[in-house]
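K.L.:
Fold the stuff below for me.
(chains A and B)
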There are 2 protein chains.
Amino acid sequence: MSIADLQSICFQPIGLIHTPHHDLVNMPIQPVGAKGMEGMIKLNPELQEGLTDLEAFSHITLIYHLHEIKGHELMVKPFMDDKKHGIFATRSPKRPNAIGISTVKLSRIEGNRIYFEGADMLDGTPLLDLKPFFRQTDNRLHAVSGWLDEKDDKMAHSQRSDDRFTK
Amino acid sequence: MSIADLQSICFQPIGLIHTPHHDLVNMPIQPVGAKGMEGMIKLNPELQEGLTDLEAFSHITLIYHLHEIKGHELMVKPFMDDKKHGIFATRSPKRPNAIGISTVKLSRIEGNRIYFEGADMLDGTPLLDLKPFFRQTDNRLHAVSGWLDEKDDKMAHSQRSDDRFTK
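P.N.:
Okay, the predicted model is just below:
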């Protein structure tokens, strides 16, 4: 099969993410910059049984649709740099497929409601998948992180979004 | 908006992942169990500029469609346990949305071809997104990992898949 033959792949959201963020501007750009910012997922009640035993995990990885992003750019200036990089060398939202991932801190689960800390996505974001974070397999302690390694390690903790990807 | 009103979200694959795995059975179940197993992504050539500066990263996170998985189950026995858990407390592939994520080791990039190590997905897997791994924001060193914490920390390095999710 060649790339030209690939068909679209469609997903039905499994829930909605509610957060304090209603505007793409002045948002935290990563969960580490969203300390104390609470989010709540309303999972489709038909899927609630799938949450069994999840509460014993401290962190979960959310995969979601960046639903307010229009179009994409191949070269972008990410929020943490003033130079352009290829979109796939950044986490910028204006990607060919507007998919976001965030690993957040699980607070508690009440029925089909999942409360978490580290909300760095817009209110009303459609959730596509939710996975437990596995300390044993998901950490990469000695990863080399290209252009980001030239910045202050704590930059993502304080940097906020601006309007560069809102149009 | 309520969950019932949510519309399907469709993505066009950005490339195809080629790996040594042609069967869902006897595969590594995580990239840490796929040491030395090489994969190669053929990116849509129209998106090649988006790879600029990516080669300076040691690890990349692939988001892809688990294209051979049919249907889903809410309670599953994951490969690393003999007890059932909710699907969202596992990384099992038979999920409501068949989305996989793998953080793999980037070897080199040649044009629109991205070579990597740690291939734990099937040959011919459609790639949806590719993100750089940020050491500064993506590690969660002290995460608590529920049922997995009761197992040997190295279990994912040696465990292989069987036929439990092939039907």
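
K.L.:
So residue A:36 sits against residue A:119, correct?
P.N.:
No. Residue A:36 is not in contact with residue A:119 according to Cβ atoms under 8 Å; the separation is 9.5 Å. Heads up, the C-betas are built off the backbone N, CA and C, glycines and all.

K.L.:
which ones are touching the closest residue to residue A:99 other than its chain neighbours?
P.N.:
Using Cβ to Cβ, 6 or more residues apart in numbering or on different chains and skipping the chain neighbours, the partner closest in space to residue A:99 is residue B:129 (4.6 Å). Counting by Cβ atoms under 8 Å, 6 or more residues apart in numbering or on different chains, residue B:129 touches A:95-97, A:99, B:14, B:62-63.

K.L.:
Just the CA atoms of the lowest-mean-pLDDT helix or strand in chain A, as PDB, please.
P.N.:
Using mean pLDDT, DSSP states H and E, helix A:155-158 stands out as the lowest-scoring helix or strand of chain A, at a mean of 92. Extracted in PDB, the C-alpha atoms of helix A:155-158 (Å, rounded to 0.1, in the frame of the first residue of the first chain):
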ATOM      1  CA  MET A 155      11.000  27.100  30.700                       C
ATOM      2  CA  ALA A 156       7.800  25.000  30.100                       C
ATOM      3  CA  HIS A 157       6.800  25.600  33.700                       C
ATOM      4  CA  SER A 158       6.200  29.300  33.200                       C
END
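
K.L.:
what about the helices in chain A?
P.N.:
Counting by DSSP state H, chain A has helices at residues A:135-138, A:155-158.

K.L.:
Can you add mean neighbour count and distance to chain B and give those back as TSV?
P.N.:
Output for the helices of chain A, formatted as TSV (neighbours: other Cβ atoms under 10 Å in any protein chain shown; distance: least, Cβ to the nearest Cβ, whole Å):
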stretch	mean neighbour count	distance to chain B
helix A:135-138	22	4
helix A:155-158	17	5
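
K.L.:
who wins for proximity to residue B:107 among these?
P.N.:
helix A:135-138 (19.7 Å; Cβ to Cβ).

K.L.:
any idea how far residue A:75 lies from residue A:162?
P.N.:
Going from residue A:75 to residue A:162 by Cβ to Cβ, to the nearest Å gives 18 Å.

K.L.:
For chain A, give me the ranges with low pLDDT.
P.N.:
Flagging of chain A using pLDDT under 70 yields the residue ranges A:1-2, A:4.

K.L.:
List the buried residues of the longest strand seen in it.
P.N.:
Counting residues, the longest strand found in chain A (DSSP state E) is strand A:99-110. Across strand A:99-110, burial judged by 16 or more other Cβ atoms under 10 Å in any protein chain shown covers A:99-106, A:109.

K.L.:
Show me what that strand is packed against.
P.N.:
strand A:59-65, strand A:113-117, strand B:59-65, strand B:125-132 (3 or more Cβ pairs under 8 Å, 6 or more residues apart in numbering or on different chains; DSSP states H and E).

K.L.:
cutoff 6 Å now
P.N.:
Strand A:99-110 is packed against strand A:59-65, strand A:113-117, with contacts defined by 3 or more Cβ pairs under 6 Å, 6 or more residues apart in numbering or on different chains; DSSP states H and E.

K.L.:
Listing partners with orientation, what would you give for that strand?
P.N.:
According to DSSP bridges, strand A:99-110 has the following sheet partners: strand A:59-65 (antiparallel), strand A:113-117 (antiparallel).

K.L.:
Any chance of these in a markdown table with mean neighbour count and distance to residue B:91 as columns?
P.N.:
Output for the strands paired with strand A:99-110, formatted as a markdown table (neighbours: other Cβ atoms under 10 Å in any protein chain shown; distance: least, Cβ to Cβ, whole Å):
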| stretch | mean neighbour count | distance to residue B:91 |
| --- | --- | --- |
| strand A:59-65 | 23 | 10 |
| strand A:113-117 | 19 | 17 |
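
K.L.:
Which of the ones you listed sits closest to residue B:71?
P.N.:
For those, the distance to residue B:71 is smallest for strand A:59-65, at 19.2 Å, taking Cβ to Cβ.

K.L.:
now the angle between strand B:125-132 and the closest one, please.
P.N.:
110 degrees (axes from the mean of the first three to the mean of the last three Cα atoms, to 10 degrees).

K.L.:
hmm, back to that, more neighbours: residue A:36 and residue A:119, which one.
P.N.:
Taking neighbours as other Cβ atoms under 10 Å in any protein chain shown, residue A:36 and residue A:119 compare with residue A:119 leading, 26 against 7.
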